[in-house]
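K.L.:
Return atomic coordinates for the entry below.
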Amino acid sequence: MSSIKHVTAFVIISASIFLIYFNSLEASWHLDDYQNIIQDARIHLTDADLASIIEYLKSVQLIGRDARPLSRFSFAVNWYFSRNDPFGYHLVNIVIHIFSSFFLYGTILSIRRTPNFQFVSSARNYYKISLLAALLWAINPIQTQAITYIVQRMAALAAMFYILAMYLYIMARTSDNSAKRNLFFFSCILSAVCAFASKENAATLPIALLLVEFLFFQDLSRKKIRTIFWGVTITAGLAMAGLGVVIFFKGDFQGLLNYNFRYFSPLERLLTEPRVVLYYLSQIFYPVPTRLSIEHDIAVSTSLFSPWTTLPAIILICSLIGIGLYNIKRRPMLSFAVLFFFLNHVIESSVIGLELVFEHRNYLPSFFLFVPVAAGIMGMLDHYREKNKLIHHAIITFVVLIIAGFGAGTYIRNLAWQSEKSLWEDAVAKAPSSGRAWHNLALSHYTPAGRSEEAILLYRKALTLEKNNIHQQSLIYSNMAASFYYQGDYKQAAQYWTKALINRRTNPKVKYLLCLTLIRMGDYETASKNLEQLVSKYPQKAEVLNLSGILAVLQGNHSKGLAYFKRCFRLKSRLPAVLVNAGAAHSLRGDYQKAERFFKTYLARKPNDRSALLWLLQNSLKNGEVQQADIYANRLLHKSAVNDLIQWIGDLSGQVLINDTMIAPEVDPQIRGLIAAKQEASAR
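P.N.:
Now for the predicted structure:
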């Protein structure tokens, strides 16, 4: 086949994907994007020199659940070029999708060279089949969650190397040149390693390669070969399962079935997933945007008859697998497409304690589902080309409409991913019984927008709806508390943070925020008891030590506060506020020179911080250094308009903390007088 056809295929696939995903380039961050990219300092590569790269590589986690070193390295490279601008990340995801689609086209095309391939169509037709199947997969709207949701690059990258490894394996097995064959095998192994390093679900690759070997290269009409097939497949499956637990769960077999925080049991998940997988299939072949969502209302199957669709779903799944097995010898391509789909749902759609449903889980399993569809379409076109031109043209029109419909559906679905608001409004419309959808709409849009009252209403609604796990109620309480906190209603905030701790007593962040709120309320005694528990359990947490020091200073025990701040320094804490707090403790006990050193050190790091300047101003006045105080007053006035500065200083009177991490200076009349004099002088 001429290389021009391959170039044409690449151009068609690339242009189609870029056209329908172009509107995703400006989509915002969502959900796990924040935890895995924005907030993960480990992947924040800011220098490209050798020393920085080596330092980054030293911090890479190679084994363990969610290690995924290659995916995380790709995020690190993106961070180097784009920082927190999502545009570059989306662009890379689209490029990965283009290559995955082209490798899929190449793999389907290469299967024609295998000994067992029994397809009567011409080479020209099989080229069209390969291109159409890859294109229908590539532009299918169900793939948007794997591409537009940035962090799901992990799934897309693993799938790209997975399909590349399959292509290289087939090329190695069909090559007549030993040197080329060895190169293909080596490249296949390398690609497999890259797939494993991208995401755990690539662990099914060895079984997929066994399917390729036995379905397309071995004579399964021989009983001995069939026996070997089953023996090797089962053995390899068990070996990969054991190896996966060792690598991804560090040998913790119980971690594989960790359901401690789920509302469903392993058996209930196993009963529910056949219904979920059938729903996936319906989405793949009828992927209208109204059926696609980040969240779905899926009832848990508690028995074979509750809900009633559970048993029929299990029977239908078993029947589909049976069809795949029955056609191994007669229709190996159909058999392979079916078995490949179910094989690649074994990890995420079986008994492992994951969420029940996420659409991106179909990115890899759906690779070959459109090959029988494309073959059927081309067969009908051949059949009616001479017999009935009208039907022939009708089929062509139908295919064009399907392609256009898939593309339009993907474009429309990407609009829902444009912002947190659009994504979660779409989710609550499609999954109104999901507490997480309502909660995330409040958390991602209304709370950041400062619309606390509206956020609290949504949180209250979320509390009445279905939860995804036992921690979700605590999370809702915690975020309600944060809304009350930012409204200044510390009493309500403390109540809800206390409720949040009922199911998650060991959550240090929630307890820390409760302590912070109690300090705001002036309930130093209760705050002290809770902080002592935190310090005892987390003696290496700088935030906890810092807050304990703040509380000690506010209680008048400056020496105790300094002891906590020194412990922060010994931890090499990166909390700059500790410097201000240590300076405040020294200033309040009358050690003005030491205080000044701490304040100046802090200002060297954050030269625009007004609170540190105000501390220096107060410290200078108390030390009798009026001229120095005058300099700091001028610097304050230089950074703020006079009226804004006076209002800010006035607001400090009722505050205990600034930015939740700093001790507020005591704004005495002498400071007010100095600022007022400056204002009067400037007015003249």
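
K.L.:
How is the chain divided into domains?
P.N.:
For the chain, automatic domain parsing gives the domain ranges 3-387, 576-684.

K.L.:
Buried residues, the longest helix belonging to the chain. List them.
P.N.:
For the chain, the longest helix by residue count, based on DSSP state H, is helix 389-416. Neighbour counts using 16 or more other CB atoms under 10 Å place 392, 395, 399, 406, 407, 409, 410, 411, 412, 413, 414, 416 of helix 389-416 among the buried residues. To be clear about C-beta, it is placed using only N, CA and C from the backbone, and glycine gets the same treatment.

K.L.:
now swap in stretch 182-192 and tell me
P.N.:
Using 16+ other CB under 10 Å as the test for burial, stretch 182-192 gives 184, 185, 187, 188, 191, 192.

K.L.:
And stretch 35-48, by the same measure?
P.N.:
Buried residues in stretch 35-48, counting neighbours by 16+ other CB under 10 Å, are found at 36, 37, 43, 44, 45.

K.L.:
Turn the domains of the chain into JSON lines, including mean pLDDT and distance to residue 535.
P.N.:
Listed next are those as JSON lines, based on pLDDT from 0 to 100; distance: least, CB to CB, whole Å:
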{"stretch": "domain 3-387", "mean pLDDT": "89", "distance to residue 535": "24"}
{"stretch": "domain 576-684", "mean pLDDT": "76", "distance to residue 535": "15"}
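
K.L.:
Same list (those domains) but as a markdown table, adding distance to residue 540.
P.N.:
Shown next, in a markdown table, are those (distance: least, CB to CB, whole Å):
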| stretch | distance to residue 540 |
| --- | --- |
| domain 3-387 | 17 |
| domain 576-684 | 14 |
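
K.L.:
Could you point out which of those sits nearest residue 560?
P.N.:
Closest of these to residue 560 is domain 576-684, at 9.2 Å (criterion: CB to CB).

K.L.:
quick one on the thing from earlier: of the buried residues of helix 389-416, closest to residue 371?
P.N.:
residue 399 (14.9 Å).

K.L.:
follow-up on the earlier one: give the other helices and strands that the longest helix of the chain contacts.
P.N.:
On a contact count with 3 or more CB pairs under 8 Å, 6 or more residues apart in numbering; DSSP states H and E, helix 389-416 meets helix 3-21, helix 123-138, helix 144-147, helix 370-387, helix 420-430.

K.L.:
taking those helices together, which one is wrapped up most tightly?
P.N.:
Most buried of these by mean neighbour count (mean count of other CB atoms under 10 Å) is helix 144-147; its value is a mean of 25.

K.L.:
what packs against the next helix or strand after that helix?
P.N.:
Proceeding N to C from helix 144-147, the next assigned helix or strand is helix 153-174, under DSSP states H and E. Counting contacts by 3+ CB pairs under 8 Å, 6+ apart, helix 153-174 packs against helix 69-82, helix 86-111, helix 144-147, helix 178-196, helix 205-216.

K.L.:
Comparing these, which comes out most buried?
P.N.:
Ranked by mean neighbour count, these are led by helix 144-147 with a mean of 25 (mean count of other CB under 10 Å).

K.L.:
Just the closest of the buried residues of stretch 35-48 to residue 549, please.
P.N.:
Looking across these and measuring by CB to CB, the closest to residue 549 is residue 44, at 28.0 Å.

K.L.:
Which positions within stretch 539-555 qualify as buried?
P.N.:
For stretch 539-555, a neighbour-count test (16+ other CB under 10 Å) marks 541-554 as buried.

K.L.:
I'd guessed residue 298 sits against residue 356; true?
P.N.:
Yes - look at residue 298 against residue 356 with CB atoms under 8 Å: they come within range, at 5.2 Å.

K.L.:
joint contacts of these two?
P.N.:
Taking CB atoms under 8 Å, 6 or more residues apart in numbering as the criterion, residue 298 and residue 356 both touch 272, 276.

K.L.:
how about the residue positioned nearest the centre of the chain, what does it touch?
P.N.:
Nearest to the mean C-alpha position of the chain, counting by CA atoms, centre = their mean, stands residue 32 at 2.9 Å. Shown in contact with residue 32 (CB under 8 Å, 6+ apart): residue 151.

K.L.:
Can you list the neighbours in contact with whichever strand or helix holds residue 548?
P.N.:
Taking DSSP H and E as the definition, residue 548 sits inside helix 542-554. With contacts defined as CB under 8 Å, 6+ apart, helix 542-554 is touched by 508, 512, 515-516, 519, 524, 527-528, 531-532, 534-535, 538-539, 558, 560-565, 567-568, 571, 573-575, 577-578, 581-582, 584-585, 588, 656-657, 661-663.

K.L.:
Among those residues, the buried ones, what's the ChimeraX command?
P.N.:
This is the ChimeraX syntax for the buried subset of the contacts of helix 542-554, where burial follows 16+ other CB under 10 Å:
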select :512,515,516,519,524,527,528,531,534,535,538,558,561,562,564,565,567,568,573,575,577,578,581,582,584,585,588,656,657,661,662,663
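
K.L.:
Now intersect the contacts of helix 542-554 with the helices, please.
P.N.:
Those of the contacts of helix 542-554 mapping onto helices are 508, 512, 515-516, 519, 524, 527-528, 531-532, 534-535, 558, 560-565, 567-568, 577-578, 581-582, 584-585, 588, per DSSP H.

K.L.:
Look up phi and psi at residue 469.
P.N.:
phi -160, psi 170 (degrees, to the nearest 10).

K.L.:
Can you spell out which residues form a bridge with it?
P.N.:
residue 262 (DSSP bridges).

K.L.:
which residue packs closest to residue 283, ignoring adjacent ones?
P.N.:
Excluding its sequence neighbours, the residue lying closest to residue 283 (CB to CB, 6 or more residues apart in numbering) is residue 142, at 5.2 Å.

K.L.:
Report the contact partners of the one you found.
P.N.:
280, 283, 284, 287, 292, 359, 362, 366.

K.L.:
what's the last one sitting at in phi/psi?
P.N.:
Yep, that's residue 366 we're talking about. Dihedral angles (degrees, to the nearest 10) for residue 366: phi -80, psi 0.
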